[in-house]
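Chemist: sharing a model that was predicted from the sequence below.
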Amino acid sequence: MNRALRYGLGALRRRPLLALVAWSLPEAAPSAALGLAMARALDDGFLAGRPVVGLAWLGAVLGASVVGAAGSRQVYRHLGDLVEPLRDDLVRRVVDGALRRGVAGQPDDGAVVRLTRQVEIVRDTFAGLIVVVRAFAVSVVGVVVGLLSLAPVLALLILPPFAVGVALFVATLGLAAARQRASVLADERLSTAAGRVLTGLRDVTASGAEEHAAGLVAGPVAEQAAAERALGGVAALRGACFAVGGWLPLVVVLALGRWLVDHGVSAGELLGALTYVLFALQPALSRLVSGLGGSGLRFVITLDRVLDATGFTRTPRTDHPVAGHRLEARGVTFGYGRHAEPVLRDLDLVVPEGDHLAVIGASGIGKSTLAGLLCGLLRPSSGAVLIGGAVAGELPADRLAGLRALIPQEAYVFTGTVRENLAYLRPCASDGQVLAAARAVGAAALVERLGGLDGPVTPGALSAGERQLIALVRAYLSDAPVAVLDEATCHLDPAAERRAEEAFAARGGTLVVIAHRLSSALRARRVLALDGARAELYDQSAGDIAPPGSLYRELLDRWGSDPAGVARDADRLDPGPAAGLGHGPREVVADRARA
Ligand SMILES: Nc1ncnc2c1ncn2[C@@H]1O[C@H](COP(=O)(O)OP(=O)(O)OP(=O)(O)O)[C@@H](O)[C@H]1O
């Protein structure tokens, strides 16, 4: 099935769909009543010399219309519940795709245009499609019920040719979509070719290159003309389908009129049957043909383009089987941009549940990149990153957020109360839980200084270290079993850093620390050392501390180790050029938080 259609069908939520179907049923009443009331009005009323009875039957159509209108009113209320989730999902994909490309060094300047134009087109055409298909189904159900109540023989004469017409039309849709797409592409090619020639018109005239210029656009013009002719052929095919489905039933009933009357079908029933064809089936088929042929094709083609632009491969499943929170990188290679040198190459790593892993290496070696990959924010160029056995980058955002909390170097703090900032990832946390988290991480004094949980937070008035403390409490408090600290304590003094890290280690779950100081690495159970070419893993709990010649040993020797975990700024992990590992020491701001 076409990708866009599959996506559209996948976006239909069961509950709003059922509500829509339920409220559509009353709408079938006018279609069902139409022919039936005509037949009775003629047979029992006007032909029987009882005009009042005839008028009463006609009045019944009005009554049925009121019932149908009440249903329609509800239908439009529920339409939004069906359409808006599709729009939200597309907006999320477009933004997600644009951000991913931006992060990967391929900024997407057209994202906003796609967001505002193409997504809105998809939303509108999707709604139009639902309305058209639903109205068609409602009319057909009404007519089938009406015809069967009127005279089953009439149903046998009318419904088969109608069904053939509909089937033929549906069969042409694939061809129509292909030709419509070809026409759009031909149109784009022509615009490009004409644009090039027209912008150089002065030069073309000056150099007498009219013929050459005409030759440049002649091909695209011919292509566009052929595409339009092909579309004309599709329109003719549609006309033929309508003739079969809309007019053939009428001809059949008229042609067999005499025979029908001889076999007991009354004049009123004949009139009723013709009414069904002319006033219910024909309009329904006509709306379906123009609706599917117009907004339906527009929906498929525009949605296809949006999905292409967002790098869509398949609808994210909401039932990803996540078992636990073990992190795993399998042969991961990642580079920022298709032609950029990979930052990480063929990395294999398993972080079991409950592990405390420190990642060390020179500045710019790829530690933050690894953190982004493990957290599902970046997708590997090749290989896979798994969380709990599920591909991290394919997990829905809310699922991912429930599994891991990433605290970056630049802490995000927003204007609001202290409570809002601290409990952002767990809004239902009690005051006691929030304060306990603040105490554990070492932010109790900061909370007090800010005026308690109801005190105001003004981001600009906080130091970098204070902002980090707030972000740390926020992540500590979250339910996510995996915490990834990406130099999240670099603005704290060593003692404050130690307290925060120890709190996270004691919190339960997995802790990954992109280490800023050797003391951080020494606290971890395992250490992953990166140097671009190598990735070495050491198990400190097994006494496997930095064997001679190892990367880790190199760092320890150069800066001096602190096995007792006594923090000093001298142990920061930013080797200078002398180390042959990095790009020079960065300024480390020892921002002693007022904790
Ligand atoms: N968005 C990006 N686009 C292009 N290149 C990037 C991007 N982010 C990082 N890089 C490059 O990728 C490499 C690895 O960067 P990364 O931030 O992962 O290193 P790091 O080890 O965390 O460094 P630091 O310790 O300085 O934070 C660097 O050369 C960096 O310049």
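Modeler: Yep, it's here. Residues are numbered from 1 along each chain as shown.
Chemist: helix or strand for residue 55, which one?
Modeler: Using DSSP states H and E, residue 55 sits within helix 51-103.
Chemist: that helix packs against which elements?
Modeler: Packing contacts for helix 51-103, counted by 3 or more C-beta pairs under 8 Å, 6 or more residues apart in numbering; DSSP states H and E, involve helix 14-24, helix 28-40, helix 111-113, helix 119-150, helix 297-309. All C-beta spots, glycine's among them, are computed from the backbone N, C-alpha and C.
Chemist: switch those over to JSON lines; also include mean pLDDT.
Modeler: As requested, those are arranged in JSON lines below (pLDDT from 0 to 100):
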{"stretch": "helix 14-24", "mean pLDDT": "86"}
{"stretch": "helix 28-40", "mean pLDDT": "91"}
{"stretch": "helix 111-113", "mean pLDDT": "62"}
{"stretch": "helix 119-150", "mean pLDDT": "92"}
{"stretch": "helix 297-309", "mean pLDDT": "80"}
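Chemist: pick the most deeply packed of those.
Modeler: Of all these, helix 28-40 has the most neighbours on average by mean count of other C-beta atoms under 10 Å, namely a mean of 25.
Chemist: report the angle between the helix holding residue 55 and helix 297-309.
Modeler: Between helix 51-103 and helix 297-309, the angle comes out at 20 degrees (axes from the mean of the first three to the mean of the last three C-alpha atoms, to 10 degrees).
Chemist: which residues of the stretch 51-200 of the chain score low on pLDDT?
Modeler: Filtered on pLDDT under 70, the stretch 51-200 of the chain yields the residue ranges 99-116.
Chemist: same list (the helices and strands packed on helix 51-103) but as CSV, adding distance to the ligand.
Modeler: CSV is the format used below for those (distance: least, C-beta to the nearest ligand atom, whole Å):
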stretch, distance to the ligand
helix 14-24, 39
helix 28-40, 57
helix 111-113, 16
helix 119-150, 26
helix 297-309, 20
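Chemist: and of those, who's closest to residue 495?
Modeler: helix 111-113 (44.6 Å; C-beta to C-beta).
Chemist: turn the helices and strands packed on helix 51-103 into JSON lines, including distance to residue 156.
Modeler: Formatted as JSON lines, the helices and strands packed on helix 51-103 follow (distance: least, C-beta to C-beta, whole Å):
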{"stretch": "helix 14-24", "distance to residue 156": "26"}
{"stretch": "helix 28-40", "distance to residue 156": "15"}
{"stretch": "helix 111-113", "distance to residue 156": "54"}
{"stretch": "helix 119-150", "distance to residue 156": "9"}
{"stretch": "helix 297-309", "distance to residue 156": "34"}
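Chemist: tell me the contacts of residue 256?
Modeler: Applying C-beta atoms under 8 Å, 6 or more residues apart in numbering, we find residue 256 in contact with residue 157.
Chemist: extract the residue ranges of the stretch 201-350 of the chain that are flagged as low pLDDT.
Modeler: Using pLDDT under 70, the flagged stretches of the stretch 201-350 of the chain are 309-320.
Chemist: near the ligand, which residues of it are found?
Modeler: By C-beta under 6 Å from any ligand atom, the part of the stretch 201-350 of the chain that sits against the ligand consists of 336, 343.
Chemist: can you name the element that comes right after the helix or strand residue 474 falls within?
Modeler: Per DSSP H and E, residue 474 falls inside helix 464-477. Sequence order places strand 482-486 as the next helix or strand after helix 464-477, per DSSP H and E.
Chemist: could you list the residues in contact with that following strand?
Modeler: With C-beta under 8 Å, 6+ apart as the criterion, strand 482-486 contacts 325, 327, 367-368, 371, 374-375, 387, 403-409, 472, 475-476, 501, 504, 507, 509-514.
Chemist: relative to helix 297-309, how tilted is the helix or strand containing residue 235?
Modeler: Assigned by DSSP H and E, residue 235 belongs to helix 210-242. Relative orientation of helix 210-242 versus helix 297-309 (the same axes, to 10 degrees): 120 degrees.
Chemist: can you spell out which helices and strands pack onto the helix or strand that comes right after helix 210-242?
Modeler: For helix 210-242, the following helix or strand on the C-terminal side (DSSP H and E) is helix 248-255. In terms of contacts (3+ C-beta pairs under 8 Å, 6+ apart), helix 248-255 is packed against helix 152-199, helix 267-276.
Chemist: now do the last one: which elements does it pack against?
Modeler: Looking back up the chat, that one is helix 267-276. Helix 267-276 packs on helix 28-40, helix 119-150, helix 152-199, helix 248-255, helix 257-262, going by 3+ C-beta pairs under 8 Å, 6+ apart.
Chemist: and the helices in the stretch 451-595 of the chain, which stretches?
Modeler: Remark: helices assigned in the stretch 451-595 of the chain by DSSP state H, counting those that start in this stretch are 464-477, 494-506, 518-523, 551-559.
Chemist: let me see the mean pLDDT of the last one.
Modeler: Per-region confidence: helix 551-559 scores 78 on mean pLDDT.
Chemist: equivalent analysis for the third one, please.
Modeler: Predicted confidence along helix 518-523 averages 88 (mean pLDDT).
Chemist: repeat for the longest one
Modeler: Over the span of helix 464-477, the pLDDT mean works out to 95.
Chemist: mean neighbour count added to the helices and strands packed on helix 248-255, as TSV?
Modeler: Putting the helices and strands packed on helix 248-255 into TSV (neighbours: other C-beta atoms under 10 Å) gives the following:
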stretch	mean neighbour count
helix 152-199	16
helix 267-276	23
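Chemist: could I get the helices and strands packed on helix 267-276 as JSON lines with distance to residue 488?
Modeler: Shown next, in JSON lines, are the helices and strands packed on helix 267-276 (distance: least, C-beta to C-beta, whole Å):
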{"stretch": "helix 28-40", "distance to residue 488": "61"}
{"stretch": "helix 119-150", "distance to residue 488": "35"}
{"stretch": "helix 152-199", "distance to residue 488": "47"}
{"stretch": "helix 248-255", "distance to residue 488": "72"}
{"stretch": "helix 257-262", "distance to residue 488": "84"}
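Chemist: so which of the ones you listed is nearest residue 454?
Modeler: Among these, if distance is taken as C-beta to C-beta, the winner is helix 119-150, at 39.9 Å.
Chemist: what does the stretch 401-550 of the chain put close to the ligand?
Modeler: Going by C-beta under 6 Å from any ligand atom, none of the residues of the stretch 401-550 of the chain are near the ligand.
Chemist: rerun at 8 Å
Modeler: Counting by C-beta under 8 Å from any ligand atom, the residues of the stretch 401-550 of the chain close to the ligand are 409, 486-487, 514, 530.
Chemist: can you put these in TSV and add neighbour count and pLDDT?
Modeler: Output for those, formatted as TSV (neighbours: other C-beta atoms under 10 Å; pLDDT from 0 to 100):
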residue	neighbour count	pLDDT
409	17	86
486	22	93
487	21	92
514	26	94
530	22	90
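Chemist: ok, those residues vs residue 271, which is closest?
Modeler: residue 486 (78.1 Å).
Chemist: quick one: residues contacting residue 297.
Modeler: With contact taken as C-beta under 8 Å, 6+ apart, residue 297 is in contact with 173, 176-177, 180.
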